[in-house]
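Novice: output the structure for:
(2 chains)
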Number of protein chains: 2
Amino acid sequence: MKIITTIAEVRAIVKEWRRAGETVGFVPTMGYLHEGHASLISRAVADNDHVVVSTFVNPTQFGPTEDLEAYPRDEARDAALCEGMGADIMFRPDPAEMYNNPKVSVVVNDMNEHLCGLSRPIHFHGVCTVVTKLFNIVTPDTAYFGEKDAQQLAIIRKMVQDLNMPLEIVGCPIVREADGLAKSSRNTYLSSTEREAALCLSRSIFYGQEQIKAGMRANDLEQAMKEIIAKEPLARIEYVKVVDALTMNDIEIIDRPVLIAVAVYIGKTRLIDNFSFDPKINTTPSKNK
Amino acid sequence: MKIITTIAEVRAIVKEWRRAGETVGFVPTMGYLHEGHASLISRAVADNDHVVVSTFVNPTQFGPTEDLEAYPRDEARDAALCEGMGADIMFRPDPAEMYNNPKVSVVVNDMNEHLCGLSRPIHFHGVCTVVTKLFNIVTPDTAYFGEKDAQQLAIIRKMVQDLNMPLEIVGCPIVREADGLAKSSRNTYLSSTEREAALCLSRSIFYGQEQIKAGMRANDLEQAMKEIIAKEPLARIEYVKVVDALTMNDIEIIDRPVLIAVAVYIGKTRLIDNFSFDPKINTTPSKNK
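Specialist: Have a look, this model is predicted:
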């Protein structure tokens, strides 16, 4: 596996693969890889002749008061994981390689005015722009994203559709710790007391998965899930929402595919979790325990 | 030559070309093709194994009070011209094929707050978005744009750089009528009296090309060019500006590559013209007469 820091070098290698008619899978990450990322890389390796993993911590998707500086980094461990999983390239450019006084960017409307977009107003513009750039650099056949970042995944799918990007998007299920906590690079911020308290997120998710049914009022489910989280003294709820799975719009009745998403502060650490539900299929997803 | 209306069909044909290792040139237009477009197609045919011309009149780059409905269309003549020049595909999708309740778009900052962007606030966002879409559909090696739309060309070049789009942009010189008027689809709006009056644009451009020199004050050149246009009673000046050729920012002294651009209403018809000047090269471009 090669660790590459320049755009030109990635392009040159992908060009050779293309010339040979080989397929390319791409896993965009911000590094500090965990088993959730590993599941994406594993799927990409299974599906494609070659796999590129990017580990660029993108500054433009962090707000001024967010954790850009503190965001955990471990290049050596990331490289070992990528190599062990069978990736061909780990791409970790410096910010200067990616941004040079930019004037043109990719923005999203409406879909970012819900859930995480409310507290992170520039976040999804930054995500759309950097993902577009990475897609144009790597030119993958298929790109893999975690369902953990459900709003991001919905926006990326819409971006690919709206801008006619020539690739497929594959979403992969949330990977959880043995006790239920969704894997996240930010879990590393948690003290041991907070780590225990953080279980209120998955507890509310599992409860929601058991309770949800077609025709239910969204508000009733939200309230029930909030009560579970509120029992945890260290938890501060940012949102617990049932929204239309495609548009992210609020709904009243669960009568279409929905996303049930929670964002909760445990101390200073902001964590998210979610599940999806389609009343037509009427089965809850597996808990991936 | 094939006339194609669906995205899927363009993709399928380009995919075959790619498989054979052949190059693709692309000329995005809004149809009603004239000799200016022909010069782009001619260059594309000379440079590439295959050429796609799009003739989509993009609604999202027209403001609510602009000439979307009136914009001239002649599909049969466009097709004959494309075929005669050696293009492989003329792509003319319906708006419904291109837009389906879009939420994600490409936007430009700063560079659109000058020249045409002042009177057309949404124009360049619409241009960036549709050009991104067309690039992703056609996946050309090279795309060809006229220098007549100088601000558009500068913004497209910056977009390709900022979003790492995997293609080359080639700008082609303005093509003029025998008497100097820059070729434009909108020239068809002019009455014969207005057609004569419209020569004040090229007259001011030619005068500017003769007068410009390194170290000159931008404002002095603007004033001199304005005076020439002001002699024409049917003309109403929107702007006559000397700007930094890369950023479109105002400048005081001509000490770097500059764009000298004019926008003038002749009756109800808005026309533009321009030339570029680099003090280091210190030669004015040919007049293409």
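
Novice: in chain A, which spans are helices?
Specialist: A:7-19, A:35-47, A:75-85, A:95-98, A:116-119, A:123-138, A:150-162, A:192-197, A:199-211, A:218-230 (DSSP state H).

Novice: which one of those helices is the most hemmed in?
Specialist: Mean neighbour count (mean count of other C-beta atoms under 10 Å in any protein chain shown) peaks for helix A:123-138 among the helices of chain A, with a mean of 24. The C-beta positions use only the backbone N, C-alpha and C, and glycine is treated the same way.

Novice: now for that one, which elements pack on it?
Specialist: Packing partners of helix A:123-138 (3 or more C-beta pairs under 8 Å, 6 or more residues apart in numbering or on different chains; DSSP states H and E): helix A:7-19, strand A:24-28, strand A:50-54, strand A:89-91, strand A:104-108, helix A:116-119, helix A:150-162.

Novice: change it to 6 Å
Specialist: Packing partners of helix A:123-138 (3 or more C-beta pairs under 6 Å, 6 or more residues apart in numbering or on different chains; DSSP states H and E): strand A:104-108, helix A:150-162.

Novice: nearest to B:Leu246 among the helices of chain A would be which one?
Specialist: Nearest to B:Leu246, of all the helices of chain A, is helix A:95-98, at 18.8 Å by C-beta to C-beta.

Novice: and the helices of chain A: which comes nearest A:Val175?
Specialist: helix A:35-47 (4.2 Å).

Novice: got the end-to-end distance for stretch A:185-193?
Specialist: 18 Å (C-alpha to C-alpha, to the nearest Å).

Novice: identify the residues contacting it?
Specialist: Residues outside stretch A:185-193 that contact it (C-beta atoms under 6 Å, 6 or more residues apart in numbering or on different chains): A:Tyr32, A:Pro72, A:Ala198, A:Thr269.

Novice: ok, of those, which one's closest to B:Ser42?
Specialist: Among the contacts of stretch A:185-193, and counting by C-beta to C-beta, the member closest to B:Ser42 is A:Tyr32, at 52.7 Å.

Novice: can you pull the contacts of the closest one?
Specialist: A:Pro72, A:Asp74, A:Ser185.

Novice: need these in TSV with neighbour count and pLDDT, can you?
Specialist: As requested, the contacts of A:Tyr32 are exported to TSV (neighbours: other C-beta atoms under 10 Å in any protein chain shown; pLDDT from 0 to 100):
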residue	neighbour count	pLDDT
A:Pro72	14	95
A:Asp74	15	97
A:Ser185	19	94
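
Novice: what residues does the stretch 51-200 of chain A put near chain B?
Specialist: Counting by C-beta under 6 Å from any C-beta of the partner chain, the stretch 51-200 of chain A comes close to chain B at A:102-104, A:106-111, A:132-133, A:136-137, A:158-159, A:162-166.

Novice: give the contact list for A:Val262.
Specialist: A:Val262 makes contact with A:Leu201, A:Val240, A:Asp273, according to C-beta under 6 Å, 6+ apart.

Novice: closest to A:Pro28 among those residues?
Specialist: Comparing these against A:Pro28 with C-beta to C-beta places A:Asp273 closest, at 20.9 Å.

Novice: what sits closest to A:Gly117 if chain neighbours are left out?
Specialist: Nearest residue to A:Gly117, sequence neighbours excluded (C-beta to C-beta, 6 or more residues apart in numbering or on different chains): A:Phe124, at 5.7 Å.

Novice: now do the one you found against B:Ser119, distance only.
Specialist: Separation of A:Phe124 from B:Ser119 (C-beta to C-beta, to the nearest Å) stands at 31 Å.
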